[in-house]
Structure formats: structure tokens, C-alpha cells
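A.B. asks: return atomic coordinates for the entry below.
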Amino acid sequence: MPEYSDDDAKWHVDLISWLKDGIIGTADVALKFAEIVLEYTQGKAELEKQRPLTAFDQGDTWRIQGSWNANGNEAFGGPWRMICRKRDAQILDIGMPAVAGLSSEATHRIEEAKRLTRERDAPKRDGK
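C.D. replies: Numbers count the residues shown, from 1 in each chain. Below you'll find the model as predicted:
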């Protein structure tokens, strides 16, 4: 069995207290970690495009999201996102949603269907 000194025990206690909230214990650390992962997986240009990143506390995980195309106005691409566990920094989900634009004809058909549905569901007047 290995022997431990008082210094080893103190170091162990200090490490436990430093990491009591996990390796990714704060939003600032989550954002820095996400920037490293985003730049490593997608490149510096994508990191710059996705800034600013935002971290959302989800209990035992962080959800970090980029800001590019968050409103879905651009076709084919959206905000980069990552979910990582606070305790050990394990990445549970990572990627970018695909945002597909609709053709003008498809948009017109959807608007026409909405109009017909509103007309059908509108209250009838004069007993009709």
C-alpha cells in the first residue's frame, strides 16, 4: 500500500475543494473550454463568426451556444452548440444545426395554407 505524506494529504484536500463544482464549475470556465473546442474542431474563422458565445447552466451540465445565425435567417448553418458535463468536462453533444431555406414557392404555399386555415376557423357572422 502506498504511503502518503502530510503534504500529499493537503494537496488532495486542496484539489477537492478547488474542484468541488467540477472541472467546469463556472460559466467563465465553460466559455473558455468551449472556445478551445470550437477552434480545434471548426477553426479560428468559425470561432470568430460564432462569437459571442453564451453559457447556460443546466444543473450538472453547461450548454454553450454561439451567436451566428441564431435567428435562422441564413440558410445552411446555425449557432454552434456544445453540452458538457461540469464534473469531468465530458462533451455530451456538439455540433451546428442545419438551417434549410425554403423556396419562394414553398413559402407562398405555406402562407396560402395559413390563410385558408384562418378563413376556415374564423367565427361565422350572420348565422352562417
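
A.B. asks: state the pLDDT value of the residue nearest to residue 98 when sequence neighbours are not counted.
C.D. replies: Nearest non-adjacent residue to residue 98, counting by CB to CB, 6 or more residues apart in numbering: residue 76, 6.5 Å away. (C-beta placed from N, C-alpha, C; glycine too.) pLDDT recorded at residue 76 is 72.

A.B. asks: next: residue 69.
C.D. replies: pLDDT for residue 69: 82.

A.B. asks: can you count the residues close to it?
C.D. replies: Neighbour count of residue 69, defined by other CB atoms under 10 Å: 19.

A.B. asks: how near is the residue nearest to it when sequence neighbours are not counted to residue 64?
C.D. replies: Distance criterion CB to CB, 6+ apart; nearest residue to residue 69, sequence neighbours excluded, is residue 78 at 4.9 Å. Here residue 78 is placed at a distance of 14 Å from residue 64 (CB to CB, to the nearest Å).

A.B. asks: before we move on, what about residue 86?
C.D. replies: Distance of residue 86 to residue 64, given as CB to CB: 12 Å.

A.B. asks: kindly report the same for residue 48.
C.D. replies: Distance from residue 48 to residue 64, by CB to CB: 16 Å.

A.B. asks: looking at these two, which has the bigger crowd around it?
C.D. replies: Each of residue 48 and residue 64 has its neighbours counted (other CB under 10 Å); residue 64 has more, 26 against 11.
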